[in-house]
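J.: Prediction below, plus the sequence it came from.
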Amino acid sequence: MNRAQGQGMREQRFDYVLVGGGIASVSAARSLRHEEPGASIAILCGEPVLPYRRPPLTKGFLTGKVGAARATIHPADFYEKQSIALLLHARAAAVDRAAHRVQLADGSAVGYGKLLIATGASPHMLKVPGATLAGVQCLHDIGDAVALRADAVGKRRALVIGAGFVGVEAAAALRELGLEVTLVERGEQMLPQLHSALLSAHFRKLCAKHGVEVLTGLTVERLTGHDTLTGAVLSDGRALACELGVVATGVEPNCAWLAGNGVELADGVLVDECLQSSDPDIYAAGDVANFHDPMLGARRRVEHWDNAVRQGRLAARNMRGARMPYRDVSIFYGDVFDVPYNFLGDPFNALEVVERGEFPQRPYSLLFMRHNVLRAMFSIGAPADEAVAAEEMIRHRRNLASSGAALKQVGSRLGALPSQTVLILQGGGALGAFESGAIGALESHGVRPDIVSAVSIGAFNGAIVASHPGHAVAVLNAFWHELSIEGLAAPRSCAHLWQTELAWHLALFGVPNFMRPRWWMDAPRIGSFAPWWTSYYDTQPMLALLRRYVDFDALAASPTRLLLGAVEVASGERRIFDSYVDRLTPEHLLASGSLPPAMPWMTVEGRAYWDGGIVSNSPSNLFEVMLRRDEIVYADRVRNDLRFEENANDFRDLVERITGQLDAAAAARARQSPEYIRLMCNHAPVQIHRIALEGATMDSVTFARDFDFSAESIASLQSLGRAAALAVLDMGEAKLRIGQTASDYEGEVCK
Ligand SMILES: Cc1cc2nc3c(=O)[nH]c(=O)nc-3n(C[C@H](O)[C@H](O)[C@H](O)COP(=O)(O)OP(=O)(O)OC[C@H]3O[C@@H](n4cnc5c(N)ncnc54)[C@H](O)[C@@H]3O)c2cc1C
C-alpha cells in the first residue's frame, strides 16, 4: 500500500499495530495472522519500499549478485492475501498512550489495541570534519546500498571506517567489485563484538590475502576534499587517498520518537523477558528492544536477523495474552570473501577459547568457555547438528569439565559428547507414588539426573529430587507418607466396599496435607455447591507441605535443573518454569500440579495456571477407558514426539537433496543460515527408557487410581515403581553407565 492509500486510512483502528517495516514486524504480523485469523493488523513501514532483508546489503546485493526482488522478505501480494495492512512511507512520530493512537509524521493517526515497537536501529554518523562530503555514506538500508553500488562504479580506492560485521563485509564486497580497500578500526581487534584476538588475527589474514589493508588502533581524524571526498587523515598523521568512504561505526536504536510519552527508554525500549514495555499494551522486538535476557541474567540489545525473527514471533504471542519469556540463543550469520560463518551465544567474559580445525578450512570452530561452560561458538561449515548442540549447551549451561580432552580432539563432534540424563516425571495424582518408588531405585543405583522435567504430581516429586540431588529418597518417602490416607475400615480384598469407603472419604475429607473439600471452608455459609467455586477442593495444605519438603534455596542453587510445565488459564498457552531462570516457589509447583476441576488454578506473578498435563494429554470421556486413561494420557507425549521425528526426518531428506543441487558456495551459505540450522538439525541421539506402570500390574490398585491415596495403594505403587525401575536398569545397565558423574549419563528416564 502506498502513502496516499495510507493517508486514506486516517484514524483507522487496528487490533495490532506494528511500527517499523523490518523483519521483527513482519515476523510478528505472520504469527498474529496465523494465530488470530480475524484480527486486524497494520505494519507502519517508515521506508517507501516493501520490507526487505538487510543481510544481503553488505554481500550479494552490493556486489550485484542478488537483485532487489530476492532481497524483499515477501512479495506485495503476500500482505494482501494475509490481510495485513502494510502502510509504506508511514513514519510514526509519537504515541498517545491514553488514546491508544500512533501519530504519523504526515499528520495522520492510527489507533491500536496492542502496539509493537520494531523500529530497528540507525547508523551512527561520523562526527569529523569532511563527514558530509559527497562520496561518504553509511550502509544501512537498501537506498544506501543502491547508492554505494552506483558510487563505486569508476572509483579506485575505498575507505571503510569500522571493522565490525558490517564494515568487514562491506570491505570484502567492495574489494570484489575491484576497488582498493582500506579498513580502519578504532579498537585493537577486528570484529570487536567477538572479543577474540584469535579471530581478529584470522580475519586480518583473510583480508590481507584478498588485498584489503586493515589498520587497527587508529581513528579517522578528518576527511578531505572540496565537495567530494579525495582522502582521509588518520590519528597517527598518515594521509590516505580515497574517493569512496563507508561509515560502519555501529548503530543506535530508533526510539527517540517515543521520548516523553512515558514508555521507559534506555539504549532502546526497555522491555522485560516477555518483551513487554512499561506500558502493558506496548511491546518491543528486534534491534530496538533492550530486553531482560533470562539466559544471561542481564539486559541487552541484540542486532541479529535471527534474534529479530524470533523476538517478533514471541512478541506476537505475548501481545495476544501469553507470557512467554525469550529464551533463545540467536544465531548471527555472515559471509566474508565466500567464507560463510555463524556465531551464537555471548563470548563476553569467556576465560578459555578452544580452537578446533584450521581457519578458514571447513569445518572450523572456536568455542568460548567459562568455567567449563560453553558461552559462545563461532563456526565455519559446521553441520546443523553441531550448531544446535552448541546452542543447547549454551542454553542449558552444560558443564563440560569431563569432556575437556574430547572437545579439543580434531574431528570431535559436540553432538557426540556424552549427553545429559533427563528424568521426565509425568502426572497422575496418587500414581506419583509409583514415580517416587522408581526414583528411589534410580538413586540407589547412582543415577542422578541433570535435568528433571516434570508436570502435575511429578512437579512435586521433581522439586524434591532437584532440591536434594543424590539424596532425595528419604525425603520423598516422608512426603508420600504425609499424603497417605490411613485407617480405612473396609478390607482391601472386598473391592466394592473398599472403593465406596475411599470415595466417601475423598468426598468428605479430601487427601490429608494435599487438598480439602471446599465445603469444609464454606460450610458455615452454604448448604451445597456454591456458584463462586472454581474447584471442588482447596489446595492450601499442599502449599504448606511443599514448603516443608522442598528446600527452595537449595533448588535455586542446585546443579539439577528443574523444568515445570503449566498451562495459563486465560490463554491456554503452555508455560515452562525453569529453576535456572525463575526463582521457583511452592506456587510454581502447584501451578504445574493443579488439575481442574478438582483443584483450583494457582496464581503466579499475577497469572492463573493449571496442571501442564491438560494440554498435551486429551483424556477420553468414555467411562470404559477410564482405567487405561492415565497411562495413555501421560505417555502420549513421548509417542507423539517419536511420530513427529519421523516426519521431520523425511522433510530433512528432501531439503538436503534440494540443497545438494545448489553450487558449492551457495549450498555452504544456505547451510550457515539460522533457518537451515534449526530445521535440519537432528538433535543429539536420544535414548528413552520408559519406566511405566503397565496394565498387567494394575490389579493391585483400584479404579480411581489417581485419587487413591490410601496408605496401602501408596505403598503398593511405590514398590511397583521400584520394581519397574530395577527392571529397566537391568536391561539398560550398559547404556546408563551407572556410577559415573551426573553429566556423563546418556539417555532419558521417564515414567
Ligand atoms: C547492512 C546490514 C547488514 C546486516 N547483515 C547481517 C547479517 O549478515 N546477519 C545477521 O544476522 N544480521 C545482519 N544484520 C542485522 C539485521 O539485519 C538486523 O538485526 C535486523 O534487520 C533487525 O530487524 P528489525 O526488524 O529489528 O529492524 P530493521 O531491520 O532495522 O527494521 C526497522 C524498520 O523500521 C523503520 N523505522 C524506524 N523508525 C521508524 C518510525 N518511527 N516509524 C516507522 N518506521 C520506522 C526503519 O526504517 C526500518 O525499515 C545486518 C544489518 C545491516 C544494517
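T.: Ah, there it is. Numbers count the residues shown, from 1 in each chain.

J.: give me every residue that touches the residue of the stretch 51-200 of the chain found nearest the ligand.
T.: Proximity of the stretch 51-200 of the chain to the ligand (CB to the nearest ligand atom) peaks at Gly120, 2.1 Å away. Any C-beta I mention is one placed from the backbone N, CA and C, and that applies to glycine too. Gly120 makes contacts with 20, 22, 24, 253-254, 286-288, 308, as judged by CB atoms under 8 Å, 6 or more residues apart in numbering.

J.: Give me the subset of these lying in strands.
T.: Pro253 (DSSP state E).

J.: from the contacts of Gly120, which is closest to Ser40?
T.: Gly20 (18.0 Å; CB to CB).

J.: Test my guess that the closest one contacts Val288.
T.: Yes: using CB atoms under 8 Å, Gly20 makes contact with Val288 at a distance of 7.4 Å.

J.: what is in contact with the two at once?
T.: With CB under 8 Å, 6+ apart as the test, Gly20 and Val288 both reach 117-120, 254.

J.: Output these as TSV; include the columns pLDDT and secondary structure.
T.: Shown next, in TSV, are the shared contacts of Gly20 and Val288 (pLDDT from 0 to 100; DSSP: H, G, I helix; E, B strand; the rest coil):
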residue	pLDDT	secondary structure
Ile117	98	strand
Ala118	98	coil
Thr119	98	coil
Gly120	98	coil
Asn254	98	coil
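
J.: Which one of those residues is nearest to Gln540?
T.: Once CB to CB is applied, the member of the shared contacts of Gly20 and Val288 that ends up nearest Gln540 is Ile117, at 41.7 Å.

J.: who touches the residue of the stretch 151-300 of the chain found nearest the ligand in this structure?
T.: Per CB to the nearest ligand atom, Gly286 is where the stretch 151-300 of the chain lies closest to the ligand, at 2.1 Å. For Gly286, the contacting residues are 20, 22-25, 118, 120, 307-308, 311-312, by CB under 8 Å, 6+ apart.

J.: before we move on, what about Gln718?
T.: Gln718 touches 433-434, 436-437, 440, 477, 480, counting by CB under 8 Å, 6+ apart.

J.: and with 7 Å instead?
T.: For Gln718, the residues meeting the contact criterion (CB atoms under 7 Å, 6 or more residues apart in numbering) are 433, 436-437, 480.

J.: Pick out the most distant pair among those.
T.: Largest pairwise distance in the contacts of Gln718, by CB to CB, is 9.0 Å, between Gly437 and Trp480.

J.: quick one, which of these two is more surrounded?
T.: Gly437 (28 against 25; other CB atoms under 10 Å).

J.: Now the more buried one: which helix or strand?
T.: helix 432-444 (DSSP states H and E).

J.: Quick one: residues in contact with that helix.
T.: By CB under 7 Å, 6+ apart, helix 432-444 touches 425, 457-458, 460-461, 465, 470, 472-473, 476, 480, 691, 693, 714, 717-722, 724-726, 729, 749, 751.

J.: ok and the residue in the stretch 401-550 of the chain nearest the ligand?
T.: For the stretch 401-550 of the chain, CB to the nearest ligand atom, closest residue to the ligand: Leu414, 21.3 Å.

J.: Surely that residue and Ala387 touch.
T.: No: contact between Leu414 and Ala387 fails when scored by CB atoms under 7 Å: they sit 8.8 Å apart.
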